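mind folding the following:
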Amino acid sequence: MGNVRGMQITVGEMVYDARVGGPEDGRAVLLLHGFPQTGRCWDAVAARLAADGCRCIAPDQRGYSPGARPAAVEDYAMRPIVADTVGMLDALGLNRVDVVGHDWGANVGWLLATWHPDRVRTLTAVSVPHPLAYGWAFRHDPEQQHKASYIALFRLPGKRAEEVLLADDARRLRRVMDGADLDPEAIQEYVDQLSRPGALTAALNWYRAMSGRDADGLGPVTVPTTYVWSTGDVALARAGAERCGEHVAADYRFVELEGISHWIPEQAPDALVDAILQRVATVSA
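Sure thing, here's the model as predicted:
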């Protein structure tokens, strides 16, 4: 990220670590990461956005920031996570931002845009489709059911999942990120952070707190939206991706990246930045 600096964002009792880069007066873009990464995963994307004049904010989300790591599983439900995301915007004095989210960050983005459309100028969701599209695929599509089989392990109570993922120098946690030629230093940083006491449990609590209640009465997204999906994604199948647009009542674009893995921000940053810039260009700052 160009001219990147670290900062902390305080929201109530939570203190979030964040990476910020780009011109101070640039168009604000909020970059939300997923499992098992941190805001570092956006570095290549943010550097390109900053070169285009954007002001990029990439926080380490709840559980990933040591100062924002509550103990209860229910603290990792979408309602408090999205509420804290709004709190970050308030703390930064940002009324509206362009939101870009990958993996769990995409889910946060979908719900932020639905529950707080006044705070979201545009949405670019990466990999994970709209919650209702994903829910349909999870219930009806055998390919998506197969691709989501890992979630059963992640949702196990106790510490069994943590033990499995961290055993043998975190061999299985590292394997989660296989197949995209990710920066070994970045992978080591993610592993180191999640190996600290309580960190992996907090990250897995996002899965343990999953609930269909988040989708109850969920209306369509009403902000201009781009959804980016890749054919090589080991976790997200085509069925949900193709139904995503049914839940957007605004200008919508579906971008399909051929042969790219789940880790789009790192493996295909140029293609992703093109999609983001095309989206943000449709709405004035």
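
where along the protein do the helices fall?
With DSSP state H as the criterion, the chain has helices at 43-51, 78-92, 104-115, 131-140, 142-147, 150-154, 160-176, 184-194, 199-208, 238-243, 264-267, 269-280.

just the CA atoms of the longest one, as CSV, please.
Output in CSV follows, covering the C-alpha atoms of helix 160-176 (Å, rounded to 0.1, in the frame of the first residue of the first chain):
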residue,chain,number,x,y,z
ARG,A,160,-10.8,-29.3,18.4
ALA,A,161,-10.7,-27.1,15.2
GLU,A,162,-7.9,-25.0,16.7
GLU,A,163,-5.9,-28.1,17.5
VAL,A,164,-6.3,-29.5,14.0
LEU,A,165,-5.4,-26.3,12.2
LEU,A,166,-2.4,-25.5,14.4
ALA,A,167,-0.9,-29.0,14.6
ASP,A,168,2.4,-29.7,12.8
ASP,A,169,3.5,-26.1,12.6
ALA,A,170,0.0,-25.1,11.4
ARG,A,171,0.2,-27.3,8.4
ARG,A,172,-3.6,-27.4,7.8
LEU,A,173,-4.0,-23.7,8.4
ARG,A,174,-1.2,-23.1,5.8
ARG,A,175,-2.9,-25.5,3.4
VAL,A,176,-6.1,-23.3,3.5
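
that helix to helix 199-208, inter-axis angle?
For helix 160-176 against helix 199-208, the angle by axes from the mean of the first three to the mean of the last three CA atoms, to 10 degrees is 90 degrees.

before we move on, what about the third one?
Relative orientation of helix 104-115 with respect to helix 199-208: 50 degrees, computed using the same axes, to 10 degrees.

oh, and call the first residue 18 from now on, that's how I've got it
I'll keep to 18 as the first residue from here, and by that count the last item is helix 121-132.

and helix 121-132, how far out from the chain's middle?
Centroid displacement of helix 121-132 relative to its chain, using CA atoms, centre = their mean, to the nearest Å, is 9 Å.

where are the low-confidence patches of this protein?
Along the chain, the parts satisfying pLDDT under 70 run over 18-19, 196-197.

tell me which residue of it is furthest from the middle?
Asp185 (27.4 Å; CA atoms, centre = their mean).

that residue and Arg192: what is the separation?
With distances taken as CB to CB, to the nearest Å, Asp185 is found 10 Å from Arg192. Every residue, glycine included, has its C-beta placed from N, CA and C.

report the contact partners of the residue minimising distance to the centre of the chain.
The residue lying closest to the centre of the chain (CA atoms, centre = their mean) is Gly122, at 1.7 Å. Neighbour list for Gly122: Leu48, Leu49, His50, Gly51, Gln78, Val143 [criterion: CB atoms under 8 Å, 6 or more residues apart in numbering].

farthest pair in those?
Gln78 and Val143 (14.6 Å; CB to CB).

what's near enough to touch Gly262?
Tyr244, Tyr269, Phe271.

neighbour-wise, which of those residues leads?
Tyr244 (28 neighbours; other CB atoms under 10 Å).

wait, that one touches Ala142, no?
Yes - with contact defined as CB atoms under 8 Å, Tyr244 and Ala142 form a contacting pair (5.0 Å).

mutual contacts of the two, please.
By CB under 8 Å, 6+ apart, the residues touching both Tyr244 and Ala142 are Cys261.
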